[in-house]
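Visitor: With the input below, show me the fold.
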Amino acid sequence: MFYAIPLENKPSWRNPPWMTVLLILVNMIVFWGPQRSEEKAEERAARYYVNSVLPELELPPFVEWLEKTDPRRGKQARRMLPHEETHPQLLDSLQNDSKFLQKLQAGEVITPANPRHAEWKRDRQQYEAMRPASFTQRWSLDHDKGAEPKPWTWITAAFLHADTGHLLGNMLFLFLFGFSVELALGRGTYLAFYLLGAVGSSLLSGWAYAGNGGHGLGASGAISALMGMYAVMYRLRRIRFFYQLFFYFNYVTAPALLLLPAWIANELMQQWWGDQSVGYMAHLGGLLTGAALMAGAMWLGRVKAPETVKSEMATDDDRFEQHVAAARKLSAAMKFEPACAEWRAAAALRPGDTDTLRAWFNTARLQPAGEDFHQAARRIFRLPATDPDTLALQHASYTTYLDQAKPGARLKADDMARLARRFTRVRQFQDADKLCRVLLKTAPDHPELADTLSVCANGLLHAGERDMAVGWLPHLLRIAPNDMVTRALERA
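Guide: Next comes the predicted model:
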């Protein structure tokens, strides 16, 4: 997986990117308005379904249908069938399988010859009456075989989202790329290019996924068009950006145009080997459309390449290097208090730089009663990365902090929960266990307590530490009785 986020520009509120803000608001209103209302109605209908006779009568023949038409999904559905908690997922699959649903509603699956036909017909009619009028399916792309063309969905699908995470992730990227492109194009041209990017995305995804079933939705295709516009607009100008390649991430400065082939290669690679539920061809269609639109606009002289100016990020880099150099010089002179101040300033400029945080922590530990020791420790404990080096740094810093902090360690409940889960991942079970017990005693109502205990118990169980894992069963029965780990411990 590859992400690249430009860090070169910041919004100018003297000329605010109002069209980008408006697009974000429209996406949010659609999701938390009609889409959310539809989702709640679907949930009510699904609750009725699982408590009716319908799962008993409909799901077994549906699983048989899947085994014949899609053996891979059929095998998975067969494993899910005996478990009532998975019936909502099977129902969702059934409702999205248009061919089976058509046979079911036509009475070809539960026939009048079935002795329970009257029961089935009564509950099926009630379920259908409870289901809301389709909104998301009506306005999203339809990839079913033989689906009727709906050209308006080439645009409307770009304002629909599958869930909150899908929406918020897209809106973040819309803002990051949108404000730069909007300021370069002007609001009217920007909106037109955004919508054309959505159309280009929909056309390629419609061609690539035709007959695969399901629906296409999301702003990511139009946002990919903005990414293509951004890369072409800045061309060979060196842009500082953050990137993530699988589990590795860093900052780098490179010509903006290099991002375009990198993004295109990533979408093609993900299409071949990635999650097939993601519309990578929609992203690719947006990238190509946006790049072509911006190239055409620049060729016609409608858009000029942004002038090269010294960025604020470059100034931050200079100040960061100055603070690091000063901190090292002061540390060599054994002036630890001012050295900590310099490390603190450097960490403020690059809060995710582990080398800086490690140096600040190691300098501050020489004065274990000082505030810098506590601050540096907290900053390390709150690093978001989960790579082995970061987890090792967090654990080593934790043991040092716990041993040396004066008058004692000052750990917040959020930090304890986070560290307990992370220490479980690196099999530091003793420290994870201690943190869980302190968290249970000092913050019994913490919102992440149940999840933390579940993660720790599950880690112990998989590591063969059955007795330690079962020791958490009474607490899990009290705060998370329906959790899968709790049920696994009951059977252990």
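Visitor: where's Gly352 relative to Arg358, distance?
Guide: 12 Å (CB to CB, to the nearest Å). Every C-beta, even on glycine, is put in place using the N, C-alpha and C of the backbone.
Visitor: Residues contacting the helix or strand harbouring Gln137, please?
Guide: Assigned by DSSP states H and E, Gln137 belongs to helix 136-139. With CB atoms under 8 Å, 6 or more residues apart in numbering as the test, helix 136-139 has contacts from 35, 38, 152-153, 156-157, 159-160, 215, 217.
Visitor: The same query, at a cut-off of 10 Å, please.
Guide: By CB atoms under 10 Å, 6 or more residues apart in numbering, the surrounding residues in contact with helix 136-139 are 30-31, 34-35, 38-39, 42, 95-96, 150, 152-153, 155-162, 215, 217.
Visitor: Need the buried ones from these selected in ChimeraX.
Guide: In ChimeraX, this line selects whichever of those come out buried by 16 or more other CB atoms under 10 Å:
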select :30,31,34,35,38,42,95,153,155,156,157,158,159,160,161,215,217
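Visitor: Just the contacts of helix 136-139: which are in helices?
Guide: Judged by DSSP state H, the contacts of helix 136-139 include 30, 38-39, 42, 95, 153, 155-156 as members of helices.
Visitor: can I get the residues you listed in TSV with distance to Trp120 and pLDDT?
Guide: Formatted as TSV, those follow (distance: CB to CB, whole Å; pLDDT from 0 to 100):
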residue	distance to Trp120	pLDDT
Val30	36	94
Glu38	25	88
Glu39	26	86
Glu42	21	88
Gln95	16	86
Thr153	34	92
Ile155	40	94
Thr156	36	94
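Visitor: want to try a markdown table for those residues, with distance to Ala326 as columns?
Guide: Shown next, in a markdown table, are these (distance: CB to CB, whole Å):
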| residue | distance to Ala326 |
| --- | --- |
| Val30 | 51 |
| Glu38 | 58 |
| Glu39 | 55 |
| Glu42 | 60 |
| Gln95 | 64 |
| Thr153 | 59 |
| Ile155 | 55 |
| Thr156 | 56 |
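Visitor: The closest residue to Leu81 other than its chain neighbours and Asp97, how far apart?
Guide: The shortest distance from Leu81 to any non-neighbouring residue, by CB to CB, 6 or more residues apart in numbering, is to Val63 (5.4 Å). Per CB to CB, Val63 is found 11 Å from Asp97.
Visitor: okay, and the common contacts of these two?
Guide: In contact with both Val63 and Asp97: Arg73, using CB under 10 Å, 6+ apart.
Visitor: can I assume Gly107 is in contact with His117?
Guide: Yes. At 8.2 Å, Gly107 counts as touching His117 under the criterion of CB atoms under 10 Å.
Visitor: any low-confidence regions in this protein?
Guide: For the chain, the stretches with pLDDT under 70 are 1-15, 236-254, 274-277, 304-317, 492.
Visitor: Break it down into its structural domains.
Guide: 2-15+142-299, 28-139, 310-386, 411-492 (automatic domain parsing).
Visitor: The helix or strand hosting Pro261 - contacts with which helices or strands?
Guide: Secondary-structure assignment from DSSP H and E places Pro261 in helix 259-273. Applying 3 or more CB pairs under 10 Å, 6 or more residues apart in numbering; DSSP states H and E, we find helix 259-273 packed against strand 2-6, helix 220-234, strand 238-245, helix 280-299.
Visitor: Okay, buried residues for that helix please.
Guide: Neighbour-count burial for helix 259-273 flags 259-260, 263-264, 266-267, 270-271 (criterion: 16+ other CB under 10 Å).
Visitor: Can I get it in PDB, CA atoms only?
Guide: The C-alpha coordinates for helix 259-273 follow below in PDB (Å, rounded to 0.1, in the frame of the first residue of the first chain):
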ATOM      1  CA  LEU A 259       4.100  11.200  -7.900                       C
ATOM      2  CA  LEU A 260       1.800  10.500 -10.900                       C
ATOM      3  CA  PRO A 261       3.500   7.300 -12.100                       C
ATOM      4  CA  ALA A 262       3.900   6.200  -8.500                       C
ATOM      5  CA  TRP A 263       0.200   6.600  -7.800                       C
ATOM      6  CA  ILE A 264      -0.700   4.900 -11.100                       C
ATOM      7  CA  ALA A 265       1.600   2.000 -10.400                       C
ATOM      8  CA  ASN A 266       0.200   1.600  -6.900                       C
ATOM      9  CA  GLU A 267      -3.400   1.500  -8.200                       C
ATOM     10  CA  LEU A 268      -2.600  -1.200 -10.800                       C
ATOM     11  CA  MET A 269      -0.700  -3.200  -8.200                       C
ATOM     12  CA  GLN A 270      -3.500  -3.000  -5.700                       C
ATOM     13  CA  GLN A 271      -6.000  -3.900  -8.400                       C
ATOM     14  CA  TRP A 272      -4.100  -7.100  -9.100                       C
ATOM     15  CA  TRP A 273      -3.200  -8.100  -5.500                       C
END
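Visitor: now the angle between helix 220-234 and that helix, please.
Guide: Relative orientation of helix 259-273 and helix 220-234, computed by axes from the mean of the first three to the mean of the last three CA atoms, to 10 degrees: 150 degrees.
Visitor: what about the residue nearest the centre of the chain, distance to Met281?
Guide: Among the residues of the chain, Gly165 comes closest to the average C-alpha position under CA atoms, centre = their mean, at 5.5 Å. Relative to Met281, Gly165 is positioned 21 Å away (CB to CB).
Visitor: ditto for His166
Guide: His166 sits 17 Å away from Met281, taking CB to CB as the criterion.
Visitor: For the helix or strand containing Arg122, buried residues please.
Guide: Element membership for Arg122 (DSSP H and E) is helix 117-130. Going by neighbour count (16+ other CB under 10 Å), the buried part of helix 117-130 is 119-120, 123-124, 127.
Visitor: want to throw the residues you listed into TSV with distance to Asp372?
Guide: TSV is the format used below for the buried residues of helix 117-130 (distance: CB to CB, whole Å):
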residue	distance to Asp372
Glu119	71
Trp120	70
Asp123	66
Arg124	67
Tyr127	62
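Visitor: Tell me where the stretch 351-492 of the chain has strands.
Guide: Using DSSP state E, counting those that start in this stretch, no strands are found in the stretch 351-492 of the chain.
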